[in-house]
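> what follows is a predicted protein model with its sequence.
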Amino acid sequence: MTEAVSLLVAVPAAVVGAAGFGMASAAQQRATHEVPVSSTLSPRLVVDLLRHPWWLLGLVMTVLALSMQLVALAFGPLAVVQPLLVTGVVFAGVFSALLHHRTPDRWVLVGGLLTAAGLAAFLLQARPVAGPGSEHLDVTDSVPFLVTIVVLVVACLVFARLSTHPLRILALALATGILFGITAALMKAVTTAVRGGLGELFTTPALYAACVVGPMGFLLSQNTFQQGRLVSPSVAVITTADPIVGVFAGIAWLGEDLDTTAPLLAGQALAGVVVLLGIAFVTLRSTILLRRGEAPEDAAIWEKHDPAPESSASSSCPG
């Protein structure tokens, strides 16, 4: 299969996966506000959520999204698939508005178009390709990257645990995005191992690492949604950190390459600014829509949780 044909499969699958993650985030965030608050990474939260239809819908959409992500990773390099997942914040903003009986307005659409345009420009200029080392994942190839990831996750969790500042929600979101990005790199290694047969699959350490890191990221995302009042700021951080970590993991551990000539780097930076601008439009506008449609019962639900307002966190971090 040619590279062009592979991308024709990988890119649509990644976008569908992003839509699934967006819908799952909106549905799960709504459900987490209807159960008692649980401590970070406590399995009790999932037990409580199993009784809620919205959360079950989110779970189904998560499985669908993960399936599409696996398909995308099987046909395309990590550096192509992961940036496309940034569009998840667009879908989350739209679905969140719809769940609160609001029709997304033109600014949400503008944000979506900006995000898509920025991603397209980035991919056209970066021309990411799978490297010869992408058949196997070896974290010892870049120990500093692994250490950095571990330190960042631990620091985020400690800050979220000890702080009462609204920014602790964004710290949880950042840790979630990091774990999701690492999971994507592990899943990429698993998809390449599958081609060697079941024997190679079950002897691949990446499979077992994904079975640990993946559920941790998922549970942490539920904590993030429960402790935050608005879905868009959290999803913006998660869906931005996820592909960034995934791309760097692909470069560090899987031998993937990006075109890093000076003119293209400048173009990629400009495309990144456009993506961030699109995310800011979607995040801020969907937040306004949600607050305008805030019902008394929503406020009552929120009062069961942390009473401190999150407006400062939302406004200080557009994405």
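Perfect, thanks for sending it.
> what residue is smack in the middle of this structure?
With distances taken as Cα atoms, centre = their mean, residue 239 lies nearest the centre of the chain, 3.2 Å away.
> next up, the contacts around it.
Residue 239 makes contact with 18, 21, 85-89, 92, 177, according to Cβ atoms under 8 Å, 6 or more residues apart in numbering. (Each C-beta comes from the backbone N, C-alpha and C, glycine too.)
> again, but for residue 245
So residue 245 contacts 149, 177-178, 180-182 (Cβ under 8 Å, 6+ apart).
> what helix or strand does it sit in?
helix 231-253 (DSSP states H and E).
> tell me which other helices or strands the helix or strand that contains residue 190 touches.
Secondary structure assignment for residue 190, by DSSP H and E: helix 167-194. Using 3 or more Cβ pairs under 8 Å, 6 or more residues apart in numbering; DSSP states H and E, the elements in contact with helix 167-194 are helix 53-75, helix 78-84, helix 143-162, helix 198-201, helix 205-227, helix 231-253, helix 311-316.
> and those: which comes nearest residue 118?
Taking Cβ to Cβ, helix 78-84 is the member of the helices and strands packed on helix 167-194 nearest to residue 118, at 9.3 Å.
> does anything pack onto the closest one? Which helices or strands?
Helix 78-84 packs on helix 3-32, helix 53-75, helix 106-126, helix 167-194, helix 231-253, going by 3+ Cβ pairs under 8 Å, 6+ apart.
> if I pick residue 121, what's in contact with it?
267, 270-271, 274.
> reformat those as a markdown table; add pLDDT and distance to residue 10.
Below are the contacts of residue 121 laid out as a markdown table (pLDDT from 0 to 100; distance: Cβ to Cβ, whole Å):
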| residue | pLDDT | distance to residue 10 |
| --- | --- | --- |
| 267 | 90 | 22 |
| 270 | 92 | 24 |
| 271 | 88 | 19 |
| 274 | 89 | 22 |
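> which ones among the residues you listed are found in helices?
267, 270-271, 274 (DSSP state H).
> most neighbours among these, which one?
In terms of neighbours by other Cβ atoms under 10 Å, these top out with residue 271 at 21 neighbours.
> and it, how far from residue 31?
35 Å (Cβ to Cβ, to the nearest Å).
> picking up where we left off before, off-centre distance for the helix holding residue 190?
8 Å (Cα atoms, centre = their mean, to the nearest Å).
> count the residues that sit near residue 145.
Neighbours around residue 145, by other Cβ under 10 Å: 16.
> can you pull out the low-pLDDT segments for the chain?
Applying pLDDT under 70 to the chain flags residues 1, 123, 126-140, 286, 289-290, 292-319.
> what about the spatially closest residue to residue 285 that is not a sequence neighbour, neighbour count?
Spatial nearest neighbour of residue 285, excluding adjacent residues (Cβ to Cβ, 6 or more residues apart in numbering): residue 107 at 4.2 Å. Residue 107: 16 surrounding residues under other Cβ under 10 Å.
> again, but for residue 257
Neighbours around residue 257, by other Cβ under 10 Å: 18.
> what sits against residue 38?
Residue 38 touches 44-45, 48, 223, 226, counting by Cβ under 8 Å, 6+ apart.
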